[in-house]
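Visitor: sequence and predicted structure below; questions after.
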Amino acid sequence: MAKILCVLYGDPVTGHPKEMIRDGIPQLSRYPDGQTLPTPSKIDFTPGQLLGSVSGELGLRKFLEEAGHEFVVTSDKDGADSVFDQELVDAEIVISQPFWPAYLTAERMAKAKKLKLAITAGIGSDHVDLQAAMKNGITVAEVTYCNSISVAEHVVMMILSLVRNYIPSYKWVIKGGWNIADCVQHSYDVEGMAVGTVAAGRIGSAVLRRLKPFDMKLHYTDRYRLSKEVEEELNLTYHANLESMVEVCDIVTINCPLHPETENLFNEALINKMKRGAYLVNTARGKICDRDAVARALESGQLAGYAGDVWFPQPAPKDHPWRTMPNHGMTPHISGSSLSAQARYAAGTREILECWFQNKPIRSEYLIVDGGKLAGTGAHSYSEGNATKGSEEAVRFKELTVV
Ligand code: NDP
């Protein structure tokens, strides 16, 4: 029997909800490219419930305990005295979410002698040292596509929020004002603007599709070019390199995974190649952007706005500059954890566990690392190496909260 260690974000401050504000979520039949939704043998939760926080337990406890496994769920994930560190030593499986990542560094893996499988209940496994996972024969799997559309919706929301100056205008209402000039002095239409995505994978292409009806000029760059049919259908301009794209875009949205090739991609030099007053939206991973270069570009006006929901490390310390820099529209990492997405990634996590326990292959689209190398989606979208460096800083959130 296995020990499964699951790290989830904490419950709402008001406690785990007894009743949800809506009675359910729409039932989808397939993902947009035809990929099937998760197919576990059964689920023990009602889709639409809060599953991603500690009390929600991804709806897995009954299934795991009835099969005789030990299931430990915690949100205490950072620092040597954390529950995660203590429990990791004899865990066979770790489940973690990118929103509240249990950083699985080489040092932690060295202590986890029984660890065989790391599941990302979501998409994006950069919180795992993938190089060390390959070396230690640990399989890494994620629930590909489970929240790609959720993120694409968030990206569109953030682009509109920044360009139309929604958040400051909302704040004037809360303050009791009617300050139209204050609101509109930074407000534009997106119509006619050029928007470019870094990567046109599941999220990037969904963003382009959703922006097309706004009559914007659509650009993209990616390691592989989309088909001629898709380029024509969406009237896309392809850029073989990132620089040529950012130079012509009013808005840039980042939708590639974090791996050694993309770490720190948006540094000062690249941001300075963007148009003055451009907007940057990053819901991919915080580390793809240079933290201080972003803050400086907002101070100087090189960027008119920055939004996103990804930080490094996570949770971001209270003194992280992105909390206080001007003209930002940051949220905590929530775009891929809507109640709709939770139902899919909880079911997908169960599907992966069922395959694992029954010795059946995990779908190749879910695999990131397997058999000591990048595999499945990992082989396509990632590069070898490690992107967890600096993650121990996450403990500062805890320390600064206590103070
Ligand atoms: P996909 O695998 O469908 O798309 C990733 C795309 O990135 C692929 O087209 C890949 O290219 C491309 N890519 C990889 N490296 C580069 C590079 N160096 N330059 C340009 N393009 C590159 O994944 P999704 O679209 O579903 O998700 C993308 C990322 O978004 C995730 O890895 C994760 O980090 C983040 N995410 C964030 C969430 C949130 O809640 N904020 C939730 C879900 C995802 P190719 O495969 O053609 O090589």
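Guide: Received, thanks. Residues are numbered from 1 along each chain as shown.

Visitor: the residue lying closest to Trp100 once chain neighbours are set aside: what's it in contact with?
Guide: Counting by Cβ to Cβ, 6 or more residues apart in numbering, Tyr9 is the residue found nearest to Trp100 once chain neighbours are left out, at 3.8 Å. Just so you know, the C-beta spots here come from the backbone N, C-alpha and C atoms, and that holds for glycine as well. Tyr9 sits next to 52-54, 75, 97, 99-100, 337 when contact means Cβ atoms under 8 Å, 6 or more residues apart in numbering.

Visitor: please repeat the previous calculation with a cut-off of 10 Å.
Guide: Tyr9 makes contacts with 52-54, 56, 75, 77, 97, 99-101, 314-315, 332-334, 337, as judged by Cβ atoms under 10 Å, 6 or more residues apart in numbering.

Visitor: just the buried residues out of those, in PyMOL syntax.
Guide: A single PyMOL command is used to select the members of the contacts of Tyr9 judged buried by 16 or more other Cβ atoms under 10 Å:
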select buried, resi 52+53+54+56+75+77+97+99+100+101+314+315+333+337
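
Visitor: among the contacts of Tyr9, which are within reach of the ligand?
Guide: Of the residues in the contacts of Tyr9, proximity to the ligand by Cβ under 6 Å from any ligand atom holds for His333.

Visitor: the stretch 51-200 of the chain: strands as residue ranges?
Guide: Assignment of strands within the stretch 51-200 of the chain using DSSP state E, counting those that start in this stretch yields the ranges 70-74, 93-96, 117-120, 139-142, 194-198.

Visitor: where does the stretch 151-300 of the chain get nearest to the ligand, which residue?
Guide: Taking Cβ to the nearest ligand atom, the ligand has its nearest neighbour within the stretch 151-300 of the chain at Gly201, 1.9 Å off.

Visitor: neighbours of that residue, how many?
Guide: Neighbouring residues of Gly201 were enumerated by other Cβ atoms under 10 Å; the total is 22.

Visitor: quick check: it touching Pro257?
Guide: Yes. The pair Gly201 and Pro257 passes the contact test of Cβ atoms under 10 Å, sitting 8.4 Å apart.

Visitor: for Arg296, which non-adjacent residue is spatially closest?
Guide: Nearest-residue entry for Arg296: Glu268, 7.3 Å, with adjacent residues in sequence omitted and distances by Cβ to Cβ, 6+ apart.

Visitor: can you report phi and psi for Ala206?
Guide: Taking degrees, to the nearest 10, you get phi -70, psi -30 for the backbone angles of Ala206.

Visitor: contacts only, for it.
Guide: Contact criterion Cβ under 10 Å, 6+ apart gives 31-32, 148-153, 155-156, 197, 200, 255 as the residues in contact with Ala206.

Visitor: repeat that with 8 Å
Guide: Neighbours of Ala206 in contact, by Cβ under 8 Å, 6+ apart: 32, 148-149, 152.

Visitor: which of those ranks first by neighbour count?
Guide: Ala152 leads those on contacts (other Cβ under 10 Å) with 26 neighbours.

Visitor: for the residue nearest to it when sequence neighbours are not counted, give its distance to Val156.
Guide: Once flanking residues are discounted, Ala152 sits nearest to Ala206: 3.6 Å by Cβ to Cβ, 6+ apart. Distance from Ala206 to Val156, counting by Cβ to Cβ, to the nearest Å: 9 Å.

Visitor: how close does Ser381 sit to Arg296?
Guide: According to Cβ to Cβ, Ser381 stands 30 Å off from Arg296.

Visitor: higher neighbour count, these two?
Guide: In this comparison of Ser381 against Arg296, neighbours counted by other Cβ under 10 Å, the higher total goes to Ser381 at 20 against 16.

Visitor: the more buried one touches Asn255, doesn't it?
Guide: No. If you go by Cβ atoms under 8 Å, Ser381 and Asn255 don't touch, sitting 10.9 Å apart.

Visitor: doesn't Cys289 make contact with Ile254?
Guide: Yes. In this structure Ile254 lies within contact range of Cys289 using Cβ under 8 Å: 7.4 Å.

Visitor: so what sits against both of those two?
Guide: With Cβ under 8 Å, 6+ apart as the test, Ile254 and Cys289 both reach 265-266, 280, 282.

Visitor: neighbour count and pLDDT added to those, as CSV?
Guide: As requested, the shared contacts of Ile254 and Cys289 are arranged in CSV below (neighbours: other Cβ atoms under 10 Å; pLDDT from 0 to 100):
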residue, neighbour count, pLDDT
Leu265, 17, 98
Phe266, 24, 98
Leu280, 25, 99
Asn282, 25, 98
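
Visitor: picking up where we left off before, and which of the contacts of Ala206 is nearest the ligand?
Guide: Proximity of those to the ligand (Cβ to the nearest ligand atom) peaks at Ser148, which lies at 3.8 Å.
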